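A.B. asks: How does the following fold in three dimensions:
(2 chains)
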Amino acid sequence: MKKFINKILKNIFKKKKHVKLGLYGPPNGGKTTLANRICQDWLGEDMGSVSNIAHETREIQIKEQINIKSKGKELSFNLVDTPGIATKIDFEDFIKAGLKETEAKKRAKEATKGVIDSIKWLDDMDCVIVVLDSTKDPYSQVNITIIGNLAARDIPVLIVGNKTDLKKSNLKKIQAAYPQYGVIGISAKYGKNVDKFYESLFAIAA
Amino acid sequence: MALTLQFIPYNEIEELGSARRVKKLLDIAKENKIILLEGRLKKEEETDLIAITMEEIDAKFKGIELAVINPSSKDKTLFRRIKGNFVSLMLGNRVGFTIIGPATVVKEIKKNPDKIELFTKEVKKKKKK
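C.D. replies: Sure, this is the predicted structure:
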């Protein structure tokens, strides 16, 4: 009887909670640019800072209660922007990108912690947008590991091929690499194809 | 610079728990050896490997390059997929290969369905005066 009551209570609260929508992917794929695009479109404010230097986002960022509308439907979610997942971090790469040694070492240390946090948060997500740079190789093991882990956890996934405004962008390569997933090409920076992105978001999160 | 490639048969890690598997592989990578593991880790072990790699990064160890080659992933027909699933069921995670290289040695592993390319880092030689 106690178990039964607990189950009912759990279901009630489960239905009331907001969907946690995570942005995952390798560093510099454009997760925060997309987060900013979503927040600007529906809240009129940015979510985080962006940079050409990798690992700009080193802490989990959450924006609560975002309500989006598309074709008469409404969706409410908490947006979780995560640090990029990488298998290696070298402070010397940050020095090459123009940072001073102390700053580079600090950034590297924070970036390693960020990767660990991103992995820890995987279990908390209700659905995930995997943001890939469409100019880069989609077969990297980090991408495969992230997507494979989400599949193993039964978390719905939408793959976004970002940076379609760039000449080198190759969306077909991403679609060929992950044929079992919905892949949508966008330019988060310029807002290209974001309407289609919101429609696809409803398909996985609603 | 000579590269050391260490082959690890699956039965060497089969009996180990997840944490010990990951530690064993990481310890070898930290010795600047490239690991060729028969089979693959579980999905959760792959993320554990990344997370523990991050914890271990210091002035000498910069992380790893990782690639998993799974021949069954190319199978597209239903029969081949069923056959692949049956083989996976029988052999566990023995199917395929996993390459793990220390980032100080391996610059990049490029993978597409047909080939694997492993790029090593160039070592700058000091000029003798």
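A.B. asks: Helices of chain A, residue ranges please.
C.D. replies: In chain A, the helices defined using DSSP state H lie at A:2-16, A:31-42, A:91-96, A:101-121, A:141-152, A:171-177, A:194-205.
A.B. asks: Which strands or helices does the third one pack on?
C.D. replies: Think helix A:91-96. Using 3 or more C-beta pairs under 8 Å, 6 or more residues apart in numbering or on different chains; DSSP states H and E, the elements in contact with helix A:91-96 are helix A:101-121. C-beta here means a position set from N, CA and C on the backbone, and glycine is covered the same way.
A.B. asks: Also the fourth one?
C.D. replies: Packed against helix A:101-121, as judged by 3+ C-beta pairs under 8 Å, 6+ apart, are the following elements: helix A:91-96, helix B:43-56.
A.B. asks: which secondary element of chain B has the worst mean pLDDT?
C.D. replies: Across the helices and strands of chain B, mean pLDDT, DSSP states H and E gives its lowest value to helix B:78-91, namely a mean of 68.
A.B. asks: near chain B, which residues of chain A?
C.D. replies: Within chain A, the positions near chain B by C-beta under 8 Å from any C-beta of the partner chain are A:85-90, A:108, A:112-113, A:115-116, A:119-120, A:122, A:137, A:139-142, A:144-145, A:148-149, A:151-152.
A.B. asks: hmm, back to that, any chance of TSV for the helices of chain A, columns mean neighbour count?
C.D. replies: Formatted as TSV, these follow (neighbours: other C-beta atoms under 10 Å in any protein chain shown):
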stretch	mean neighbour count
helix A:2-16	9
helix A:31-42	22
helix A:91-96	16
helix A:101-121	18
helix A:141-152	20
helix A:171-177	18
helix A:194-205	17
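A.B. asks: quick revisit: just the C-alpha atoms of the helix or strand that the least confident helix or strand of chain B is followed by, please, in CSV.
C.D. replies: Downstream of helix B:78-91, the next assigned helix or strand under DSSP states H and E is strand B:97-102. Extracted in CSV, the C-alpha atoms of strand B:97-102 (Å, rounded to 0.1, in the frame of the first residue of the first chain):
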residue,chain,number,x,y,z
PHE,B,97,38.8,-3.1,-31.4
THR,B,98,39.5,-0.2,-29.1
ILE,B,99,42.5,2.1,-29.6
ILE,B,100,43.6,4.2,-26.7
GLY,B,101,46.7,6.5,-27.1
PRO,B,102,48.2,9.1,-24.7
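A.B. asks: ok, and the closest non-adjacent residue to the residue of chain B found nearest chain A?
C.D. replies: The nearest approach of chain B to chain A comes at B:Gly63, 2.8 Å away (C-beta to the nearest C-beta). Leaving aside its sequence neighbours, B:Gly63 sits nearest to A:Lys88 (C-beta to C-beta, 6 or more residues apart in numbering or on different chains; 2.8 Å).
A.B. asks: Pick out the shakiest of the helices of chain A, pLDDT-wise.
C.D. replies: The minimum mean pLDDT among those belongs to helix A:2-16 (a mean of 53).
A.B. asks: For B:Pro9, see how far away the most centrally placed residue in chain A is.
C.D. replies: The centre of chain A sits closest to A:Leu23, judged by C-alpha atoms, centre = their mean, with a distance of 1.4 Å. Computed as C-beta to C-beta, to the nearest Å, the A:Leu23 to B:Pro9 distance reads 39 Å.
A.B. asks: pretty sure the residue of chain B closest to chain A is in contact with A:Asp93, am I right?
C.D. replies: No - the pair B:Gly63 / A:Asp93 is not scored as a contact, 10.8 Å apart, by C-beta atoms under 8 Å.
A.B. asks: Near chain A, which residues of chain B are found?
C.D. replies: Counting by C-beta under 8 Å from any C-beta, chain B sits next to chain A at B:43-44, B:46-47, B:50-51, B:53-55, B:57, B:62-68, B:103, B:109-113.
A.B. asks: if we can go back for a sec, how many other residues sit next to the residue of chain B closest to chain A?
C.D. replies: 21 (other C-beta atoms under 10 Å in any protein chain shown).
A.B. asks: what's the answer for the one 5 residues further on, then?
C.D. replies: A total of 21 residues lie near B:Val68 under the criterion other C-beta under 10 Å.
A.B. asks: Quick one: residues contacting it.
C.D. replies: Contacts for B:Val68 (C-beta atoms under 8 Å, 6 or more residues apart in numbering or on different chains) come out as A:Gln141, A:Ile144, B:Arg40, B:Glu46, B:Gly96, B:Phe97, B:Thr98, B:Ile99.
A.B. asks: Pull out the buried positions in stretch A:72-80.
C.D. replies: Neighbour counts over stretch A:72-80 (16 or more other C-beta atoms under 10 Å in any protein chain shown) mark A:Leu75, A:Phe77, A:Asn78, A:Leu79, A:Val80 as buried.
A.B. asks: Sorry, slip of the keys, the one I care about is stretch B:12-23.
C.D. replies: Within stretch B:12-23, the residues scored as buried using 16+ other C-beta under 10 Å are B:Ile13, B:Arg21, B:Val22, B:Lys23.
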